[in-house]
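**Q** predicted model and sequence below, questions to follow.
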Amino acid sequence: MKLLPSLAAGFAGATALTVLHEVARHLRPHDAPRMDVLGERGLRKLLGLADAPQPDHATAYVATMAGDILSNGLYFSLVGSGRHSLRRGLLLGVAAGVGGVVLPGPLGLGEAPSNRTTQTKAMTVAWYTVGGLVAGALAQALRKSR
């Protein structure tokens, strides 16, 4: 596995995912997944456990977006640069999407941001899948160009 192509692919997938989430939350405010809300809740929870000061909303939002791109980029970089990167991207995306629907409640972050309606659940899984596919497709293209 080549590190730089894998990271480039992973961050492309994470960027695609974040853009989808941000555009949709403005276009479909009633049922779009709000992973930004889950991220901010997670950040605030971690800061609370560390007895650290809580940031204002704007600062928390920026930190959450940076954290989302970083963590999703590293996650999607697991597609690697091998022959089956597209298939791995699909599987990683579906797994992340299902996790995005199932895990927030048990983690104490609330369920509504990703689990509010059937459409919200479907969009959550679909958008993470798109992110994984973007990562896999770019990894595949980079592999062929070498």
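**A** Received it, and whenever you're ready, just let me know what you need. Residues are numbered from 1 along each chain as shown.
**Q** give me the three-state assignment for the nearest residue to Gly48 once chain neighbours are set aside.
**A** Nearest residue to Gly48, sequence neighbours excluded (Cβ to Cβ, 6 or more residues apart in numbering): Gln54, at 7.4 Å. For glycine as for every other residue, the C-beta is placed from the backbone atoms N, C-alpha and C. Going by DSSP: H, G, I helix; E, B strand; the rest coil, the secondary structure assigned to Gln54 is coil.
**Q** and the average pLDDT for the top helix by length along the chain is what?
**A** Counting by DSSP state H, the longest helix found in the chain is helix 118-145. If you average the pLDDT over helix 118-145, you get 94.
**Q** and what of stretch 68-75?
**A** 97.
**Q** hmm, back to that, so which elements touch the longest helix of the chain?
**A** helix 3-27, helix 57-76, helix 85-102, helix 112-115 (3 or more Cβ pairs under 8 Å, 6 or more residues apart in numbering; DSSP states H and E).
**Q** spatially central residue in the chain, please.
**A** Asn72 (4.8 Å; Cα atoms, centre = their mean).
**Q** could you report the neighbour count for the nearest residue to it once chain neighbours are set aside?
**A** Nearest residue to Asn72 in three dimensions, chain neighbours excluded: Ala14, at 3.6 Å (Cβ to Cβ, 6+ apart). Neighbour count for Ala14, taken as other Cβ atoms under 10 Å: 24.
**Q** what residue ranges in this protein score low on pLDDT?
**A** 1, 146 (pLDDT under 70).
**Q** try it again at 80.
**A** Filtered on pLDDT under 80, the chain yields the residue ranges 1, 81-82, 145-146.
**Q** where does the nearest residue to Leu107 once chain neighbours are set aside fall, phi/psi-wise?
**A** In space, and not counting its chain neighbours, Leu107 is closest to Gly42: 7.5 Å by Cβ to Cβ, 6+ apart. Main-chain torsions, Gly42, degrees, to the nearest 10: phi -60, psi -40.
**Q** thinking again about what came up before, which positions within the longest helix of the chain qualify as buried?
**A** 120-121, 123-125, 127-140, 142-143 (16 or more other Cβ atoms under 10 Å).
**Q** could you do stretch 20-33 as well?
**A** Here stretch 20-33 shows Leu20, His21, Ala24, Arg25, Asp31, Ala32, Pro33 as buried, counting by 16+ other Cβ under 10 Å.
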